[in-house]
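Asks: Have a look at this prediction, sequence included:
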Amino acid sequence: MKYVFHPAAEAEFLESFGYYESKLLGLGNALINEFEALAELIVESPKGW
């Protein structure tokens with residue numbers, strides 16, 4: 001799957017990644033994994049959201 005962030009959204013997402021990663025090593029990666037799983041669900045059934 002391919003998606004593109006709006007530049008402001010990308011900056012916010014990267015900031016969130018940094019915040020979570022600073023709290024606990026690996027938590028930023030968990031954020032990315034959850035985002036990608038949710039994005040995949042949306043792609044599979046866009047009208048369900």
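Replies: Now that the structure is in, tell me what you want to look at. Quick caveat: nothing in here was measured; it's all calculated off a predicted structure. Numbering: from 1, shown residues only.
Asks: Kindly provide the distance from residue 48 to residue 41.
Replies: For residue 48, the distance to residue 41 (C-beta to C-beta, to the nearest Å) stands at 8 Å. All C-beta atoms are positioned from the backbone trio N, CA, C, and that covers glycine.
Asks: Next, show the common contact partners of these two.
Replies: Residues touching both residue 48 and residue 41 by C-beta atoms under 8 Å, 6 or more residues apart in numbering: none at all.
Asks: Looking at the two, which one has more neighbours?
Replies: More neighbours surround residue 41 than the other of residue 48 and residue 41, with 12 against 7 (other C-beta atoms under 10 Å).
Asks: what's the spacing between that one and residue 49?
Replies: Counting by C-beta to C-beta, the gap from residue 41 to residue 49 is 8 Å.
Asks: got it, and residue 43?
Replies: Distance, residue 43 to residue 49, by C-beta to C-beta: 10 Å.
Asks: For the two, indicate the residue with more neighbours.
Replies: Legend: neighbour count by other C-beta under 10 Å for residue 43 and residue 49, higher for residue 43 (12 against 8).
Asks: Secondary structure element for that one, which one?
Replies: helix 27-44 (DSSP states H and E).
Asks: Show the contacting residues for the residue nearest in space to the middle of the chain.
Replies: Nearest to the mean C-alpha position of the chain, counting by C-alpha atoms, centre = their mean, stands residue 35 at 3.4 Å. Contacts for residue 35 (C-beta under 8 Å, 6+ apart) come out as residue 13.
Asks: got a pLDDT number for it?
Replies: Residue 35 is assigned 94 on the pLDDT scale.
Asks: Then residue 1?
Replies: The model's pLDDT for residue 1 equals 61.
Asks: Give me the below-cutoff pLDDT ranges for this protein.
Replies: Applying pLDDT under 70 to the chain picks out residues 1.
Asks: Neighbours of residue 28, how many?
Replies: The number of residues packed near residue 28 is 18, by other C-beta under 10 Å.
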